[in-house]
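K.L.:
no letters, just coordinates:
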């Protein structure tokens, strides 16, 4: 059910049980979680996140892909869409929320831009007529640049878990 997308250097594919070591390593890295809540996660929590990512596709018809580097088969990140039913102001419930995270050792190599461009092309075909949102920590300049390159044009202040967050919106494509 999870479509496979390919770029020049990457494969976006379903999450697999074998991704647990890479996911656990990423979530245990304080630098990795710095802009996504700041709390590291255990191996057990990483496993639950993989299971949830896989289930999104059945529940919503869209979800997260594991991002695999073609050159060595390493799972280096996650990219995709979800509706996490976040308790935030303003509400984004019911809208596809785009997100992306990558292992720290891959930062600055263009993988986020490459994979999110492929994911957004998929969304343009499969999520037509829906605005897409993204929430980004105000200090996460690289992710803000990725969002702007993807066409997220509306930017406003929001609050999530009592913390300020930037809410980006990409108007629906017809």
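P.N.:
Right, received. Where do you want to start? Just so we're clear, the structure is a prediction, and the values are computed from it rather than from any experiment.

K.L.:
just how off-centre is the helix ranked longest in the chain within its chain?
P.N.:
The longest helix of the chain (DSSP state H) is helix 43-60. The chain centroid and the centroid of helix 43-60 are separated by 13 Å under CA atoms, centre = their mean, to the nearest Å.

K.L.:
buried sites along it?
P.N.:
In terms of neighbour count (16 or more other CB atoms under 10 Å), helix 43-60 has its buried residues at 46-47, 49-50, 53-54, 56-57. (Glycine included, C-beta is placed from N, CA and C.)

K.L.:
partner strands of the helix or strand that comes right after that helix, with direction?
P.N.:
Next along the chain after helix 43-60, taking DSSP states H and E as the criterion, comes strand 64-69. Strand 64-69 pairs in its sheet with strand 10-13 (antiparallel), strand 75-82 (antiparallel), by DSSP bridges.

K.L.:
mean neighbour count, the ones you listed: which tops it?
P.N.:
strand 75-82 (a mean of 24; mean count of other CB atoms under 10 Å).

K.L.:
and the contacts of that strand?
P.N.:
12, 15, 19, 22-23, 26, 53, 56, 60, 62-69, 96-103, 106, 111-112, 115-116, 119, 123, 127, 132 (CB atoms under 8 Å, 6 or more residues apart in numbering).
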